[in-house]
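>>> With the input below, show me the fold.
(chains A and B)
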Amino acid sequence: MSVDEKTVRRIATLARIGVREEELPALAKELNTIIGFVEQLSEVDTEGVKPFTSPVENTMRWREDAVTDGGYAEQVLANAPAKDDEYFAVPKVVE
Amino acid sequence: MSKLTDLNLAQARDGLVSKAFSAVELTQAHIERVEASDKLNAYVLKTPEKAMQMAKASDAKIASGTHGPLEGLPIGVKDLFCTQGVRTTASSKILGDFIPPYESTVTQNLWTDGAVLLGKLNNDEFAMGSSNETSCFGPVNNPYQGANGENLVPGGSSGGSSAAVAARLGVAATATDTGGSIRQPAAFTGTVGLKPTYGRCSRWGVVAFASSLDQAGPITQTVRDAAIMLGSMASFDSRDTTSVARDVPNYEAALTGNIKGLRVGIPKEYRVDTMPAEIEALWQQGMDWLKQAGAEIVDVSLPHTKYALPAYYIIAPAEASSNLARYDGVRYGVRQEGVDIDDMYANSRAAGFGDEVKRRVMVGTYALSAGYYDAYYVKALQVRRLIAEDFNRAYEKCDVLLTPTTPSAAFAVGKEVEDPLEMYLNDVFTVTVNLAGLPGLSVPAGLDAHGLPLGLQLIGKAFDEEQLLRVGEVLETAAGFTTRPNEWWSA
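Got it, this is the predicted structure:
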């Protein structure tokens, strides 16, 4: 499986990373090298093997349904690049 | 009289408690040394005023007999741990001048126990790298230089931590390890690096790279120091769903020096063709040392070792692509405006992420995308289970495993940066441990032909850091590594 420039553009869009046209060939080459390397996994017989998602098999712990934190909007917003009153501000998204 | 900055953590602790010197004196000595270390580029933020305040508070506690286990000990913190009110960047431009309004659990544990913050340490951007060259603050130089005085990498991603400890810019440092990022830099700098069992240290407040692999741990001068640091860093934390509710043992008390009858496994698959003869010889030397101490050497097999790096380079980027989605120029960090919100996201991430981070996010996005999810991501998770089961089978025949930490000593700055795959091979002996969630310890064991440090790795059973540290101390004593780098950086 080889990644072409069109696929790189699609991945970049999905990942929300701006990529200039002239960057596409080099990126395609790098991604192909890495993907070529990981393709070795297809040699391994994994029939019937359950995927391993975490080394810790914790079940989600229950706790009382109570407010234990919060109430400091100014701290939450302290690092925001743009804010308006107690809200994060973003470019207009609704026409 | 030896300098205060020559003391290791245990010695400094004992000196403080016996009032041979004060925390203010010890901290001041380290601050001065840190000030004169800019050529190493280990610290990305120095906090001398905060350090002196903390040291004064420690002296008061020591005077009143209410001191904690790490009281008055000045340490460096990898810039991946959020520190309340102190800039935290993960060495990425995208975080800008992010000032966390909260403290990570691990660093809070350290401050509660009395430690003193000297500053924040350089690392590969978002911990993605094996040489500390992907940092937005530029590379860290290894305190050890090459034969011709050339600058070498300190390993990565915890390169600031390893360089700082090797150069005595703090009695110890915190670090994190996702595929080898504590153990490989420790091996490259003649220091001790401990990656605890997954779930032993809380990940809360640690900038996430690959959440099912990330684990915090210490880089220290000695195995005893690692035991002391882990005792404070480890805890159960309800804010991390993968934190494991187990008591934290007294790790220092586990260092009995007695390993009689211990079975040490030697995995045959780690004998790779390209391994330099001196690493092979050091490995053999390590076996001999442990045998002389009363251990038994057992051959074991970890048949899926070859597939660990390929599995890692799907799983880690996949998790990273998800974790790093939060850096969008909205809630914190740097924003680059665009014609609409999608354009703003794309511009912010294009400007804020470095090349390696972009590569990994894109590989991860690809592996998780429709049509490839089963072929890549699920396949990698299945292989991960086979790798974990390899260890379970090996541990039926042995108690601990001994391997080299890295396939080479430290390399020159700039040497591998152009070839991602060559860089990835640095982690060939360490990455299996993260995939299986096990604890691993790198101990300085010798020097290569150019006088550069080499490490041996011990791999333990899950949550058996006590045994791991016990064997580590025996290995450390046998190796008797006392080399220190020439202090070229202070000239």
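>>> gap between residue B:24 and residue B:356?
In this view, residue B:24 and residue B:356 are 41 Å apart by Cβ to Cβ, to the nearest Å. All C-beta atoms are positioned from the backbone trio N, CA, C, and that covers glycine.
>>> Return the set of buried residues in the helix or strand bottoming out on mean pLDDT in chain B.
Least confident helix or strand, chain B: helix B:420-424 with a mean of 83, by mean pLDDT, DSSP states H and E. Across helix B:420-424, burial judged by 16 or more other Cβ atoms under 10 Å in any protein chain shown covers B:420, B:423-424.
>>> As CSV, could you dump the C-alpha coordinates of the very next helix or strand once past it?
Downstream of helix B:420-424, the next assigned helix or strand under DSSP states H and E is helix B:431-436. Presented in CSV, the C-alpha positions along helix B:431-436 are these (Å, rounded to 0.1, in the frame of the first residue of the first chain):
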residue,chain,number,x,y,z
VAL,B,431,9.8,-0.3,23.4
THR,B,432,8.6,-3.9,24.1
VAL,B,433,8.5,-2.9,27.8
ASN,B,434,6.0,-0.1,27.2
LEU,B,435,3.9,-2.3,25.0
ALA,B,436,3.6,-4.9,27.8
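>>> does any part of helix B:431-436 sit near chain A?
Yes: legend: contact between helix B:431-436 and chain A by Cβ under 8 Å from any Cβ of the partner chain is shown at residue B:436.
>>> Surely residue B:394 touches residue B:266?
No: using Cβ atoms under 8 Å, residue B:394 is not in contact with residue B:266; the gap is 10.0 Å.
>>> Show the pLDDT at the residue of chain A found nearest chain B.
Using Cβ to the nearest Cβ, the single residue of chain A nearest to chain B is residue A:55, 2.4 Å away. As predicted, residue A:55 sits at a pLDDT of 91.
>>> my read: it touches residue B:212, true?
Yes: contact criterion Cβ under 8 Å: residue A:55 and residue B:212 qualify, at 7.0 Å.
>>> Name the residues contacting each of these two.
residue B:198 (Cβ atoms under 8 Å, 6 or more residues apart in numbering or on different chains).
>>> For the residue positioned nearest the centre of chain A, list the residues it contacts.
The C-alpha lying nearest the average C-alpha coordinate of chain A belongs to residue A:15 (Cα atoms, centre = their mean; 6.7 Å). For residue A:15, the contact set (Cβ under 8 Å, 6+ apart) comprises B:321, B:349, B:361-362, B:365.
>>> Out of those residues, which comes closest to residue B:105?
When the contacts of residue A:15 are ranked by distance to residue B:105 (Cβ to Cβ), residue B:321 comes first, at 25.2 Å.
>>> ok so, going back, pLDDT value on the nearest residue to the residue of chain A closest to chain B once chain neighbours are set aside, please?
Nearest residue to residue A:55, sequence neighbours excluded (Cβ to Cβ, 6 or more residues apart in numbering or on different chains): residue B:437, at 2.4 Å. Looking at residue B:437, its pLDDT is 98.
>>> Residue B:437 contacts residue A:52, doesn't it?
No: applying Cβ under 8 Å, one finds residue B:437 not in contact with residue A:52, separated by 9.3 Å.
>>> what sits in contact with each of the two?
By Cβ under 8 Å, 6+ apart, the residues touching both residue B:437 and residue A:52 are residue B:388.
>>> neighbour-wise, which of the contacts of residue A:15 leads?
Compared across those, residue B:361 has the highest neighbour count, 29 neighbours, by other Cβ atoms under 10 Å in any protein chain shown.
>>> pretty sure residue B:223 is touching residue B:476, no?
Yes: shown here, residue B:223 and residue B:476 form a contact pair, counting by Cβ under 8 Å, at 4.9 Å.
>>> Compare those two (neighbour count), which wins?
The neighbour count for residue B:223 versus residue B:476, taken as other Cβ under 10 Å, is higher for residue B:223 (27 against 23).
>>> the helices in chain A, which residues?
Taking DSSP state H as the criterion, chain A contains helices spanning A:5-14, A:24-38, A:73-76.
>>> now those helices as CSV including mean pLDDT, mean neighbour count and distance to chain B?
Formatted as CSV, those follow (pLDDT from 0 to 100; neighbours: other Cβ atoms under 10 Å in any protein chain shown; distance: least, Cβ to the nearest Cβ, whole Å):
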stretch, mean pLDDT, mean neighbour count, distance to chain B
helix A:5-14, 96, 17, 5
helix A:24-38, 94, 17, 4
helix A:73-76, 94, 12, 4
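>>> Which strands and helices lie in contact with the least confident helix or strand of chain B?
helix A:24-38 (3 or more Cβ pairs under 8 Å, 6 or more residues apart in numbering or on different chains; DSSP states H and E).
>>> list the helices and strands the helix it packs on packs on?
helix A:5-14, helix B:308-323, helix B:355-368, helix B:420-424.
>>> Put the alpha carbons of the shortest one into CSV.
The C-alpha trace of helix B:420-424 is given here as CSV (Å, rounded to 0.1, in the frame of the first residue of the first chain):
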residue,chain,number,x,y,z
PRO,B,420,13.1,8.9,11.0
LEU,B,421,13.5,5.1,10.8
GLU,B,422,17.1,5.1,11.8
MET,B,423,16.1,7.3,14.8
TYR,B,424,13.3,4.9,15.7
